[in-house]
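Participant: Sequence and predicted structure, then a few things I'm wondering about:
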Amino acid sequence: MPNLKIARLATPLVLVGAMLAGCGEAPTQAQGAQPPPPPVSVAKPLQKKVADHDEYVGRFVALDYVEVRARVSGYLEKIHFKDGQLVKQGELLFTIDPRPFEATVQQAKAAVEQAKANLAFAESDLKRGESLRTGTTITQQALDQRLQASRVAAASVVSQEAALQQAELDLSFTALKAPVSGRIGDRRVSVGNLVSGGASGTTTLLATIASIDPIRFEFTMDEASYLRYLRMAGKAASSAADRGMTLPVRLKLIDEDSFTREGKIDFVDNAIDRSSGTIRGRAVFANADGKLTPGMFGRIQIATSAPATALLVPDSAIATEQVRKFVYVVNADNVASPKYVTLGQLIGNMRVVQGVDANDTIIVNGLLRVRPGAKVTPQVVSVDATGSAPATSSIRTN
């Protein structure tokens, strides 16, 4: 019986020992099944010539913006354009009923002829009086009266001729022509309406015309940037209307990714706004396709230095550590380590950086899978100037 009790006690002890032995072997098996290094995309920094620049937001304004208003009063007889079309300078736009003005011209012509007839009679009467004076048959007073009548008749001719010119001018104002070339807006008055003209402030607005090509772009720059541009311009700043700011200027619209339109600065204001500390600048751009529209927003880029070779990496490859920026660099052993950089301007999706070497291998995709000092599986890709990475071209191995 004692042997039987010992056997019963030994059996649980054996099972417990087997369980403990199994627990001790589990970590050894887990250590042998570690995952491989995570795959990441890598590329060399892109070398490209770039220039430092400043960017400003502004609006387009028309080179010429004209309100077409009636200069004489009358009934609108005809409209010669379609709303929104392009018009050329001198093209007929509106016709005001010319008949009352034609009658006024005829009356003015008749008045001129009558004044000329009176002048001819007065001059003839004066000549007769002068011939009678030699025989002392006419008094000096009568001769002076005839001289005065001649001068009054001559003045009347000048006055009536001026009235005729004004009547003919009013008649010409019944045909309203485009003062500038550009795009005309919609008609503000329909045919048959009475329009008011003249020099008063109650003249009728008929339409507006905005010039298209070229077009201006207005923006404001801060005082510090303005002083920097003046120092770069040097002596040319004191004589040129643009303050010598002949640096390249490029433009992009709000739906465009790159600055493709080139222009030049043609005006800088003569005073800095005391409330905002900014000064207004203006650039001019070609607009042959008419896409640039007055009032539209855009972004202008002003170069502030000569082009120089720089290193660029995709902006998505830059990570942040508190206030410092860094990129992950892969060494010959495929180990990733951070390298701190100084950021420059953004060109498309590429960022100019300082602190990396042209031969560094930069991780451009898969940053979330990277740990400092850990191995990775690099896959080499090529990066273009826009920062987009195509499909993997090769796998880098040691």
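Facilitator: Thanks, I have it.
Participant: Wait, Leu46 touches Val313, no?
Facilitator: Yes: at 7.2 Å, Leu46 counts as touching Val313 under the criterion of CB atoms under 8 Å. The C-beta positions use only the backbone N, C-alpha and C, and glycine is treated the same way.
Participant: what sits against the closest residue to Ala111 other than its chain neighbours?
Facilitator: Of all residues not flanking Ala111 in the chain, Gln160 sits nearest, at 4.5 Å (CB to CB, 6 or more residues apart in numbering). Shown in contact with Gln160 (CB atoms under 8 Å, 6 or more residues apart in numbering): 108, 111-112, 114-115.
Participant: name the element Gln160 belongs to?
Facilitator: helix 140-172 (DSSP states H and E).
Participant: go on, Leu93?
Facilitator: strand 92-96.
Participant: how close does Arg183 get to Val66?
Facilitator: Distance, Arg183 to Val66, using CB to CB, to the nearest Å: 11 Å.
Participant: ok, back up a step: sort out which one of the contacts of Gln160 lies nearest Gln322 for me.
Facilitator: Nearest to Gln322 among the contacts of Gln160: Ala108, at 87.1 Å, using CB to CB.
Participant: Sheet partners, orientation included, of the longest strand seen in the chain?
Facilitator: When the chain is parsed with DSSP state E, its longest strand is strand 336-347. In the sheet, strand 336-347 lines up against strand 324-330 (antiparallel), strand 350-354 (antiparallel) (DSSP bridges).
Participant: For Glu218, which of those is the nearest?
Facilitator: strand 350-354 (28.6 Å).
Participant: in the closest one, what counts as buried?
Facilitator: 350-353 (16 or more other CB atoms under 10 Å).
Participant: what's the answer for stretch 315-330, then?
Facilitator: Of all the residues in stretch 315-330, those buried under the rule 16+ other CB under 10 Å are 317-319, 325-330.
Participant: could the residues you listed be laid out in JSON lines, adding pLDDT and distance to Leu176?
Facilitator: Converted to JSON lines, the buried residues of stretch 315-330 look like this (pLDDT from 0 to 100; distance: CB to CB, whole Å):
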{"residue": "Ala317", "pLDDT": "90", "distance to Leu176": "62"}
{"residue": "Ile318", "pLDDT": "91", "distance to Leu176": "61"}
{"residue": "Ala319", "pLDDT": "91", "distance to Leu176": "65"}
{"residue": "Lys325", "pLDDT": "92", "distance to Leu176": "63"}
{"residue": "Phe326", "pLDDT": "93", "distance to Leu176": "68"}
{"residue": "Val327", "pLDDT": "92", "distance to Leu176": "66"}
{"residue": "Tyr328", "pLDDT": "92", "distance to Leu176": "70"}
{"residue": "Val329", "pLDDT": "93", "distance to Leu176": "71"}
{"residue": "Val330", "pLDDT": "92", "distance to Leu176": "73"}
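Participant: For Ser382, state which of those is nearest.
Facilitator: Taking CB to CB as the measure, Ala317 is the one of those closest to Ser382, at 13.8 Å.
Participant: so where's the stretch 51-200 of the chain uncertain?
Facilitator: Within the stretch 51-200 of the chain, the stretches with pLDDT under 70 are 133-137, 200.
Participant: let's see 90
Facilitator: The stretch 51-200 of the chain contains residues with pLDDT under 90 at 51-55, 115-116, 118-154, 156-157, 197-200.
Participant: which stretches of it form helices?
Facilitator: Ranges of helices within the stretch 51-200 of the chain are 99-133, 140-172, based on DSSP state H, counting those that start in this stretch.
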